[in-house]
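# Sequence plus predicted model, see below.
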Amino acid sequence: MSLRKVMPLAGLLASLGCAQHEAPPPPAAPQSAQREAMLDTRAVVEKVDQNSREVRLRTADGRDLTVVAGPEVRNLAQVSAGDTVRLTYYESVVARMAEPGAGGPATTSVVTGRAPQGGKPAGIYGATTDMVVEFLAYDPASGVATFKTPDGRTQQIVVSPSMRAFAAARRPGDRVAVQLTNAIAASIVEAGG
């Protein structure tokens, strides 16, 4: 009986000059995601109730919209049926993996502006909220992510398509820094303007 040395297949292929190919590493999980949206539209004032401060608008696509002008809105007495209102809405969401040790309560910064007394009615409101949330789950079939806020509340959101790869790469317990910014500006515009 003779003994022969058996070479492993990988060694045999290498000795014959055949290149070994390893599978490429999987792509790195996204560490951040962002989405932005802006809506700029005009609406016609249908009715203004100066006592309740309700303003009924008809948007360009025919929808009725009722808004309440809070006490901080100046010059409401100048708004009347038939006026055209320009509304601009902006929203941005940024999510990224949180730095170690980051957290604490959510913080919000607010910016407001309004027309001068006696001027043409106009105003702007913007807010940015920053918080670190605990990721709990993501359902790719529905696009719904579940997370816990710094104050312990569990919430769910539908993740926008541009951010779904980020959500799918997260695991329960991951800490995610979220920044949500939204702003609205409203002004009366000249007819035909």
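Right, received. Where do you want to start? All values derive from a computational prediction rather than experimental measurement.

# bridging residues for residue 134?
residue 148, residue 175 (DSSP bridges).

# how far away is residue 33 from residue 169?
9 Å (CB to CB, to the nearest Å). C-beta: built from backbone N, CA, C; applies to glycine.

# what residue is smack in the middle of the protein?
residue 93 (2.9 Å; CA atoms, centre = their mean).

# any idea how far that one lies from residue 151?
19 Å.

# One more: residue 181?
20 Å.

# Between these two, tell me which one has more neighbours.
Counted by other CB atoms under 10 Å, residue 181 and residue 151 do not tie: residue 181 has more neighbours, with 16 against 8.

# Could you check the helix or strand hosting that one and say which residues are buried?
Residue 181 belongs to strand 175-189 when assigned by DSSP states H and E. Applying a neighbour-count criterion of 16 or more other CB atoms under 10 Å, the buried positions in strand 175-189 are 175, 176, 177, 178, 180, 181, 183, 184, 185, 186, 188.

# And stretch 89-100, by the same measure?
Under the neighbour-count criterion of 16+ other CB under 10 Å, stretch 89-100 has 93, 94, 95, 97, 98 buried.

# what's the answer for stretch 140-155, then?
By neighbour count with 16+ other CB under 10 Å, stretch 140-155 contains the buried residues 143, 145, 147.

# Kindly report the same for stretch 75-90.
75, 79, 83, 84, 85, 87.

# Which of those residues sits closest to residue 65?
Distance to residue 65 across the buried residues of stretch 75-90 (CB to CB) is lowest for residue 87, with 8.8 Å.

# That closest one: which element?
Judged by DSSP H and E, residue 87 forms part of strand 84-97.

# The next helix-or-strand element following that strand pairs with which strands?
Later in the chain than strand 84-97, the nearest helix or strand by DSSP H and E is strand 107-114. Within its sheet, strand 107-114 is paired with strand 122-139 (antiparallel), according to DSSP bridges.

# I'd like to know the average pLDDT value across the strand it pairs with.
Averaged over strand 122-139, pLDDT sits at 94.

# How far does it sit from its chain's centre?
Averaged C-alpha coordinates place strand 122-139 at 7 Å from its chain's average position (CA atoms, centre = their mean, to the nearest Å).

# contacting residues for residue 133?
The contact partners of residue 133, by CB atoms under 8 Å, 6 or more residues apart in numbering, come to 147, 148, 149, 150, 175, 176, 178.

# Give me the spatial nearest neighbour of it, chain neighbours excluded.
residue 147 (4.3 Å; CB to CB, 6 or more residues apart in numbering).

# Please list all residues in contact with the one you found.
Listed by CB under 8 Å, 6+ apart, the contact set of residue 147 reads 133, 134, 135, 136, 154, 155, 156, 157, 176.

# ok, the buried residues of stretch 75-90 vs residue 114, which is closest?
The closest of the buried residues of stretch 75-90, once distances to residue 114 are taken by CB to CB, is residue 75, at 8.6 Å.
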